[in-house]
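1. Structure for the following, please:
(one chain, ligands or ions: 2)
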Amino acid sequence: MKILIKNIKELLQTRTEPIKWVAGKEMGILPKIDQAYLLIEDDRIADFGAMEDCPTLEVDETIDASGKVVLPAWCDSHTHIVYAGNRIREFVDRINGLSYEEIANRGGGILNSAKKLNETSEEEIYQESKVRLEEIMRQGTGAVEIKSGYGLTVEGEIKMLRVIQRLAKEYPAKIKATFLGAHAFPSEFKENHTGYIDLIVNEMLPKIAAEHLADYIDAFLETGYFSVEETERIMEAGKKYGLVPKIHVNQFTAINGIKACVAHNALSVDHLEIVTDEDIEALKGSKTIPVALPSCSYFISIPYTPARKMMNAGLPLALASDFNPGTTPSGNMNFVVATACIKMKMTPEEAINAATINGAYAMGISDSHGSITKGKIANLIITKPLVSYYQLPYEFGSNLIESVILNGKLL
Ligand SMILES: N=CN[C@@H](CCC(=O)O)C(=O)O
Ligand SMILES: [Zn+2]
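-> Ligands and ions are numbered 1, 2, ... in the order given. So this is what the prediction gives:
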């Protein structure tokens, strides 16, 4: 099957040579071709270039993209889209003045979602979660990392990971699974942290590994959640099963967690609303990518990740949605990109790099996703007619996507 997209007004993120990520000043450069064509063969990008160089081709379908922008589908490297129910009550509690921490201390927060999840059948969780996946695909997400972490029991965690596995089988979006048993301490382990970590290490991990249910391992490294030492034990245990860490860290406090994650070769460190100079030093020269989650900052009114400071230090930065029922009930990556521009003062070039190629790196798929490169998977967004791609973050509340192509097929 061959599809030719012709007369593309702006074809963004064109990379002839494959790159793993963009960092520092390079984040401000977004290669593009004006008046371009792109050829898809089966599920891959077969060719692209300027319209004047477009060869005469026999194709099965031609799409005229006059006036439209084409770019790689979003790579959302941090989500929790598998969950049961919602936390609307907590949303209203926060409006009335309670903080995220106060709600969690009253038994709300992650434990509230864990209770609901353990009371809900695997089939029901799948049905609820697939609606969210379908929505984000329509919003242009072509690759997504999904975490467990609302089970907090052996059965609950495995149930979540099986749902993620089923979504990966049923849908064209590329899905990576992360085991987040260390999301919070269940109430019965409040005074027995070692007991819960023993459960993760001795019971959850062997079962998850035996069923090949996860690609990565995560923990909520935060004051009141998992300490640096506890997280280190979890990262070490995951490593024995080939699970690379992707860690929630520095959301509310900086407790030297980033250094520990880097030392354990974490693929990514995520949140980073609070970042010290030491944290930045620890990331320099490492293979660990920082991931910012601006929709979370927006929704629960916490600081935004200091993107400029990090890019000025030469670091790469990825953007992800954090779609979850508590802190970010939205997986809209268009909003993420716009919010990064508006609130974090990232340029559109930086934000699009962060949500495509760097997002792909943060989920270990930058060799096959995240840029317009020959041989990569044809996951594409075709916009409505636009003045320029700057309109994407500028009209932050509008749906400017006309169609989405995943694995070479129109949704
Ligand atoms: N902070 C930790 N985990 C999620 C929120 C979990 C929840 O409140 O349900 C996050 O990334 O924001
Ligand atoms: Zn998260």
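2. Would you mind giving the secondary structure of the residue in the stretch 251-400 of the chain positioned nearest to ligand 1?
-> Closest residue of the stretch 251-400 of the chain to ligand 1, CB to the nearest ligand atom: residue 326 (2.4 Å). Placement of C-beta: from N, CA and C, glycine included. The three-state label given to residue 326 by DSSP: H, G, I helix; E, B strand; the rest coil is coil.
3. Remind me what the least confident helix or strand in the chain by mean pLDDT packs against, helices and strands.
-> Ranked by mean pLDDT, DSSP states H and E, the weakest helix or strand in the chain is helix 100-105, scoring a mean of 89. On a contact count with 3 or more CB pairs under 8 Å, 6 or more residues apart in numbering; DSSP states H and E, helix 100-105 meets helix 88-95.
4. so what secondary structure elements neighbour the helix it packs on?
-> Using 3+ CB pairs under 8 Å, 6+ apart: helix 88-95 touches helix 100-105.
5. which parts of the helix it packs on are buried?
-> Within helix 100-105, the residues scored as buried using 16 or more other CB atoms under 10 Å are 100, 103, 104.
6. List the buried residues for the helix or strand following that helix?
-> Once helix 100-105 ends, the next helix or strand along the chain (criterion: DSSP states H and E) is helix 110-119. Buried residues in helix 110-119, counted by 16+ other CB under 10 Å: 110, 111, 112, 113, 114, 115, 116, 117, 118.
7. how many neighbours does the nearest residue to residue 11 once chain neighbours are set aside have?
-> Spatially, and ignoring its direct neighbours in sequence, residue 11 is nearest to residue 36 (3.7 Å; CB to CB, 6 or more residues apart in numbering). Residue 36: 25 surrounding residues under other CB atoms under 10 Å.
8. now residue 36: how far from residue 401?
-> 18 Å (CB to CB, to the nearest Å).
9. about what we covered before: can you tell me which residues contact the residue of the stretch 251-400 of the chain closest to ligand 1?
-> Counting by CB atoms under 8 Å, 6 or more residues apart in numbering, residue 326 makes contact with 87, 90, 100, 109, 110, 112, 113.
10. Just list the residues touching the first one, thanks.
-> Taking CB under 8 Å, 6+ apart as the contact definition, residue 87 lies against 108, 109, 112, 113, 325, 326, 329.
11. per-residue confidence at the last one?
-> Think residue 329. Looking at residue 329, its pLDDT stands at 98.
12. Next: the third one.
-> Predicted confidence (pLDDT) for residue 112: 95.
13. Tell me if I'm right that it and residue 90 touch.
-> Yes. Taking CB atoms under 8 Å as the definition, residue 112 is a contact partner of residue 90 at 7.1 Å.
14. The nearest residue to residue 30 once chain neighbours are set aside - how many residues pack around it?
-> Among residues not flanking residue 30 along the chain, residue 349 sits closest, at 3.9 Å (CB to CB, 6+ apart). By the criterion of other CB under 10 Å, residue 349 has 21 neighbours.
15. Surely residue 349 is within a helix?
-> Yes. Going by three-state DSSP, the assignment for residue 349 places it inside a helix.
16. got a list of what it touches?
-> Taking CB under 8 Å, 6+ apart, one finds 27, 28, 29, 30 in contact with residue 349.
17. Ok, residue 165 next?
-> Neighbour list for residue 165: 177, 213 [criterion: CB under 8 Å, 6+ apart].
18. Am I right that it is in a strand?
-> No. Per three-state DSSP, residue 165 lies outside any strand segment and is helix.
19. Please tell me how far it sits from ligand 1.
-> Per CB to the nearest ligand atom, to the nearest Å, residue 165 is found 21 Å from ligand 1.
20. For that residue, give its distance to residue 150.
-> 16 Å.
21. For the contacts of residue 349, pick the one with the most neighbours.
-> Ranked by neighbour count (other CB under 10 Å), the contacts of residue 349 have residue 27 at the top, with 25 neighbours.
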